[in-house]
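Colleague: below: sequence and its predicted model.
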Amino acid sequence: MEKQAYFYGTGRRKTAVARVKLLPGDGAIIVNGTPYEERFSRPEYREAIRQPLLVTENLNKFSVMAKVVGGGMSGQCDAISHGIARALLAADEKFKPLLRQNGLLTRDSRTKERKKPGLKRARKAPQYTKR
């Protein structure tokens, strides 16, 4: 690893965008200025955020500073996870096979489908009446 102040990664999911900085530290994860435990109350969200660090066994080696905008809780936690994975890749290229195997480097491209004219939602049509 090169000696650098921090490693940067951008993560995206749905409409959420996370800018993540990895700093050498004790494993604290700060999201938008608050600890991630306060911001994300569900254990699934916390686990998703920690997963790239757990897979690469770097949970207590790096501190994470993340700024996330857009989307909801689910999209934001996945965007942070994606950003952490990319920052870990910038820190050390040897993590690439591990992160790739666990699907942490792939951007989940599923987004909300747009509403079409004449329909109630993206695909729901008004009820058909014969007469």
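Modeller: Cool, the structure landed.
Colleague: the nearest residue to Leu119 once chain neighbours are set aside: neighbour count?
Modeller: Spatial nearest neighbour of Leu119, chain neighbours left out: Ala125 (5.4 Å); criterion: Cβ to Cβ, 6 or more residues apart in numbering. Every C-beta, even on glycine, is put in place using the N, C-alpha and C of the backbone. Around Ala125 there are 10 other residues, counting by other Cβ atoms under 10 Å.
Colleague: quick check: Ala125 touching Lys116?
Modeller: No - with contact defined as Cβ atoms under 8 Å, Ala125 does not reach Lys116; the gap is 9.3 Å.
Colleague: show me where this protein has strands.
Modeller: 7-13, 16-24, 29-31, 34-35, 62-69 (DSSP state E).
Colleague: between the ones you listed, which one is closest to Arg86.
Modeller: In terms of Cβ to Cβ, the element of those nearest to Arg86 is strand 7-13, at 3.2 Å.
Colleague: which helices and strands sit right next to that closest one?
Modeller: strand 16-24, helix 73-91 (3 or more Cβ pairs under 8 Å, 6 or more residues apart in numbering; DSSP states H and E).
Colleague: which elements pack onto the longest one?
Modeller: Meaning helix 73-91. strand 7-13, strand 16-24, helix 43-55, strand 62-69, helix 96-101.
Colleague: and stretch 87-98, what's buried?
Modeller: For stretch 87-98, burial by neighbour count (16 or more other Cβ atoms under 10 Å) applies to Ala87, Leu88, Leu89, Ala91, Phe95, Leu98.
Colleague: looking at the residues you listed, which is nearest Arg107?
Modeller: Using Cβ to Cβ, these come closest to Arg107 at Leu89, 13.1 Å.
Colleague: contacting residues for that closest one?
Modeller: Taking Cβ atoms under 8 Å, 6 or more residues apart in numbering, we find Leu89 in contact with Gly9, Phe95, Lys96, Leu99, Leu105.
Colleague: and these, which two are furthest apart?
Modeller: Farthest pair in the contacts of Leu89, by Cβ to Cβ: Gly9 and Lys96, 13.0 Å.
Colleague: and the residue nearest the centre of the chain, how far from Lys116?
Modeller: Among the residues of the chain, the one closest to the centroid is Ala79, at 2.0 Å (Cα atoms, centre = their mean). Ala79 is 27 Å from Lys116, where distance means Cβ to Cβ, to the nearest Å.
Colleague: I am finished for the moment; much appreciated.
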